[in-house]
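Novice: Build the 3D model from these lines:
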Amino acid sequence: MNIYVLMKKTFDTEEKIQISGGAIEEEGAEFIINPYDEYAIEEAINIKDTHGGEVTVVTVGDEDSEQQLRTALAMGADQAVLINIEDDVEDGDQYTTSKILSTYLKDQDVDIILSGNVAIDQASGQVGPRVADQLDIPYVTTITDITIDGSQVNIERDVEGDVEKVQTSLPLLVTCQQGLNEPRYPSLPGIMKAKKKPLEELELDDLDLDEDDVEAKTETIDVFLPPEKEAGKVLEGEADDQVKELVSLLRTEAKVL
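Specialist: Here you go, the predicted structure:
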């Protein structure tokens, strides 16, 4: 089975992020595999262990993205592909990424593609469905369980606190949600093996694409951090007095009444 994972390098949101000139400062920032993509990588490895085949992890990024690809290889993926757009694309968006990925995948023998449900930096959830649409294959989002029997696929997906069951067939793209699995940590032997696993680097020219083909369809006007939360207030006294004070504060300070 030919299994592909769409991976993205994202900022580590548990580390401090600096904004300058309407953009995130990359110098000194920490980068990780998008956490939702880790569910996709783990599930791809599980599918390979059950059905055989190879897992290929693909990302669109820059030279530094090799570090996250090596991590995916250390987790158990078989090979990786970096489509380096650092010198070709100044400002891309979801259209840019999906166009590049789908162009690459059109030339591959694909059985199933997995990606994260969203990326934690922009959280649009667009890339996976866009890729499936451009490849003209079915897709199912926010999956929490998947079983493959031949070409038939049974899926459970999260729908606002409930579960929806879907039956479809390969080839297929799915986006992975928390609860699907527990991603493994790379082991020391896995890290050592990852150094010898194939990592192919491509550029737009290798895909017969140019800048105009992948020009962004949207423009980012501004990027800013949310306002710092003000200190809360603790109401004291009898319950009736607390209620009166709370109503007063909601009316005079919060101005919601």
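Novice: make it CA atoms for all contacts and neighbour counts henceforth
Specialist: OK.
Novice: List the contacts of stretch 177-188.
Specialist: For stretch 177-188, contacts defined as C-alpha atoms under 8 Å, 6 or more residues apart in numbering pick out 36, 38-39, 41-43, 71, 74-76, 116-117, 142-145, 158.
Novice: what's the spacing between Y139 and A216?
Specialist: Using C-alpha to C-alpha, to the nearest Å, Y139 is found at 23 Å from A216.
Novice: Looking at the two, which has the bigger crowd around it?
Specialist: Under the criterion of other C-alpha atoms under 10 Å, the comparison of Y139 against A216 puts Y139 first, with 22 against 17.
Novice: Chain neighbours aside, what residue packs nearest to the more buried one?
Specialist: Closest residue to Y139 apart from its sequence neighbours, by C-alpha to C-alpha, 6 or more residues apart in numbering: L173 at 4.6 Å.
Novice: do I41 as well
Specialist: Leaving aside its chain neighbours, I41 sits nearest to V5 (6.3 Å; criterion: C-alpha to C-alpha, 6+ apart).
Novice: Give me the contact list for the helix or strand where that neighbour lies.
Specialist: Per DSSP states H and E, V5 falls inside strand 2-6. Contacts with strand 2-6, where a contact means C-alpha under 8 Å, 6+ apart, come from 37, 40-41, 44, 48, 53-59, 109-116, 128.
Novice: what do you get if the cut-off is 6 Å, keeping everything else the same?
Specialist: Contacts with strand 2-6, where a contact means C-alpha atoms under 6 Å, 6 or more residues apart in numbering, come from 53-58, 110-115.
Novice: Just the buried ones from those, in PyMOL syntax?
Specialist: To isolate the buried members of the contacts of strand 2-6 in PyMOL, using 16 or more other C-alpha atoms under 10 Å:
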select buried, resi 54+55+56+57+58+110+111+112+113+114+115
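Novice: Between the contacts of strand 2-6, which sits nearest E25?
Specialist: Nearest to E25 out of the contacts of strand 2-6 is V58 (C-alpha to C-alpha; 24.8 Å).
Novice: show me where the stretch 51-200 of the chain has helices.
Specialist: All helices of the stretch 51-200 of the chain, identified by DSSP state H, counting those that start in this stretch, fall at 66-75, 94-105, 127-135, 188-194.
Novice: who wins for proximity to S169 among these?
Specialist: helix 127-135 (13.4 Å).
Novice: What is the subsequent helix or strand relative to the helix or strand of the chain with the lowest mean pLDDT?
Specialist: In the chain, the helix or strand scored least confidently by mean pLDDT, DSSP states H and E is strand 23-24, which has a mean of 69. As assigned by DSSP H and E, the chain's next helix or strand after strand 23-24 is strand 31-33.
Novice: returning to that earlier point: neighbours around the residue nearest to I41, how many?
Specialist: 29.
Novice: gap between it and F31?
Specialist: V5 sits 19 Å away from F31, going by C-alpha to C-alpha.
Novice: What of I112?
Specialist: According to C-alpha to C-alpha, I112 and F31 sit 27 Å apart.
Novice: likewise K9?
Specialist: Distance, K9 to F31, using C-alpha to C-alpha: 6 Å.
Novice: So these two - more neighbours on which side?
Specialist: More crowded of K9 and F31, by other C-alpha under 10 Å: K9, with 24 against 17.
Novice: Nice, that's everything, thank you.
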